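K.L.:
sequence? don't have it. structure:
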Ligand SMILES: Nc1ncnc2c1ncn2[C@@H]1O[C@H](COP(=O)(O)OP(=O)(O)OP(=O)(O)O)[C@@H](O)[C@H]1O
């Protein structure tokens with residue numbers, strides 16, 4: 001289990017991660033979502049001991065990553081596939097990692113086969129790898145020590161469609177066998193398919209967390225009118241918090257009936273009123289992070 005408790009990370013006067021708490025549990029894939037610059041990578045870097053927290057803590061089964069005696073045997077990490085030693089071949093990278101972890105060399109070939117890197121590709125220097133090949137090598141390195149926890153930042157980045165499906169099956173199988181997976185991705189469809197739990201972050205703060213079903217079921221209502229500001233104001237006056245996206249849609253946790261009644265009594269004509277339930281992860285993500293999106297929420 002990964003536990004993040006009241007984690008804050010500041011850079012000078014800027015707070016990149018602000019009092020973040022969540023858990024990623026065994027047997028489940030936890031999707032970590034948020035707009036660009038929301039604080040996902042910083043949080044993951046703190047979890048794996050690459051960045052020190054300003055305050056708060058992150059532990060893996062109760063132990064800080066830095067205190068794990070042989071971390072590669074317990075936690076598989078892929079944060080930046082391009083950070084691998086560019087002058088080494090894929091095979092060399094896996095061989096060195098095997099030696100560091102005290103594993104038999106036979107693991108190298110097992111992992112190369114698992115991630116579908118051919119013997120010829122394994123002899124090539126990493127600087128000549130495509131992004132998808134680097135990603136596959138990074139996954140091979142993460143899985144080398146047969147860990148029970150995986151922490152992956154954008155692992156599907158650069159993978160071809162077959163690679164994405166392979167990754168999906170791999171992570172689902174890993175969690176199905178009792179492993180813990182914490183996974184960040186901008187590919188919301190991928191997350192929707194494989195995640196059991198979601199943690200959504202915006203501007204360094206958690207804006208939602210819980211099981212995927214729970215969060216998707218509470219997606220609320222979307223309304224449109226030719227005077228969206230008036231609608232948002234009328235809802236506010238009725239004690240219903242709402243978010244006005246730049247595309248003019250108004251989103252709220254209240255049910256459509258209440259929103260319709262407020263619009264009617266305020267004399268505002270609605271051109272669209274619907275429950276966001278079943279609208280999927282993209283709608284939920286845009287709605288939850290509307291205040292923190294650079295572009296404002298899309299339809
Ligand atoms: N070493 C650093 N010094 C100063 N600011 C930093 C540093 N590392 C990260 N930040 C800032 O912290 C914020 C969070 O960055 P982070 O990389 O965690 O975001 P992210 O959610 O992973 O974004 P993306 O989806 O774009 O990868 C950003 O504003 C970033 O510029």
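P.N.:
Alright, I've got the coordinates. Note that the structure is a prediction, hence the values are computed from the model and not measured.
K.L.:
do a quick rundown of the strands in the stretch 1-150 of the chain.
P.N.:
2-11, 14-24, 29-33, 55-60, 75-78, 149-153 (DSSP state E, counting those that start in this stretch).
K.L.:
kindly reformat those strands as JSON lines containing mean pLDDT.
P.N.:
What follows is the strands of the stretch 1-150 of the chain, written out as JSON lines (pLDDT from 0 to 100):
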{"stretch": "strand 2-11", "mean pLDDT": "97"}
{"stretch": "strand 14-24", "mean pLDDT": "96"}
{"stretch": "strand 29-33", "mean pLDDT": "96"}
{"stretch": "strand 55-60", "mean pLDDT": "96"}
{"stretch": "strand 75-78", "mean pLDDT": "95"}
{"stretch": "strand 149-153", "mean pLDDT": "96"}
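K.L.:
could you dump those into TSV with mean neighbour count added?
P.N.:
Where C-beta positions appear, they are placed from N, C-alpha and C, glycine not excepted. Formatted as TSV, the strands of the stretch 1-150 of the chain follow (neighbours: other Cβ atoms under 10 Å):
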stretch	mean neighbour count
strand 2-11	18
strand 14-24	19
strand 29-33	26
strand 55-60	17
strand 75-78	24
strand 149-153	24
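K.L.:
between the ones you listed, which one is nearest to residue 140?
P.N.:
Of all the strands of the stretch 1-150 of the chain, strand 75-78 sits nearest to residue 140, with 9.5 Å by Cβ to Cβ.
K.L.:
with distance to the ligand added, can I get the strands of the stretch 1-150 of the chain in TSV?
P.N.:
Listed next are the strands of the stretch 1-150 of the chain as TSV, based on distance: least, Cβ to the nearest ligand atom, whole Å:
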stretch	distance to the ligand
strand 2-11	3
strand 14-24	3
strand 29-33	9
strand 55-60	14
strand 75-78	14
strand 149-153	7
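K.L.:
adding distance to residue 248, write the ones you listed out as JSON lines.
P.N.:
Shown next, in JSON lines, are the strands of the stretch 1-150 of the chain (distance: least, Cβ to Cβ, whole Å):
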{"stretch": "strand 2-11", "distance to residue 248": "35"}
{"stretch": "strand 14-24", "distance to residue 248": "30"}
{"stretch": "strand 29-33", "distance to residue 248": "24"}
{"stretch": "strand 55-60", "distance to residue 248": "38"}
{"stretch": "strand 75-78", "distance to residue 248": "40"}
{"stretch": "strand 149-153", "distance to residue 248": "34"}
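K.L.:
so residue 26 touches residue 181, yeah?
P.N.:
No: using Cβ atoms under 8 Å, residue 26 is not in contact with residue 181, being 9.5 Å away.
K.L.:
and those two? Which one has more around it.
P.N.:
The neighbour count for residue 26 versus residue 181, taken as other Cβ atoms under 10 Å, is higher for residue 181 (28 against 15).
K.L.:
which secondary structure element contains the more buried one?
P.N.:
Using DSSP states H and E, residue 181 sits within strand 180-184.
K.L.:
check which helices and strands that strand sits against.
P.N.:
If contacts are counted by 3 or more Cβ pairs under 8 Å, 6 or more residues apart in numbering; DSSP states H and E, strand 180-184 sits against strand 14-24, strand 29-33, helix 40-47, strand 149-153, helix 161-176.
K.L.:
could you dump these into a markdown table and include distance to residue 259?
P.N.:
Putting these into a markdown table (distance: least, Cβ to Cβ, whole Å) gives the following:
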| stretch | distance to residue 259 |
| --- | --- |
| strand 14-24 | 30 |
| strand 29-33 | 26 |
| helix 40-47 | 32 |
| strand 149-153 | 38 |
| helix 161-176 | 37 |
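K.L.:
kindly report the residues of the stretch 1-150 of the chain close to the ligand.
P.N.:
Residues of the stretch 1-150 of the chain found near the ligand (Cβ under 6 Å from any ligand atom) are 11, 16, 34, 36-42.
K.L.:
and the furthest pair within these?
P.N.:
The span of those, defined through Cβ to Cβ, is set by 11 and 34 at 17.1 Å.
K.L.:
excluding covalently adjacent residues, which one is nearest to residue 87?
P.N.:
Distance criterion Cβ to Cβ, 6 or more residues apart in numbering; nearest residue to residue 87, sequence neighbours excluded, is residue 125 at 6.1 Å.
K.L.:
which pLDDT does the model give that neighbour?
P.N.:
Here the pLDDT value assigned to residue 125 is 95.
K.L.:
next: the one 10 residues further on.
P.N.:
Reading off the per-residue confidence, residue 135 sits at a pLDDT of 92.
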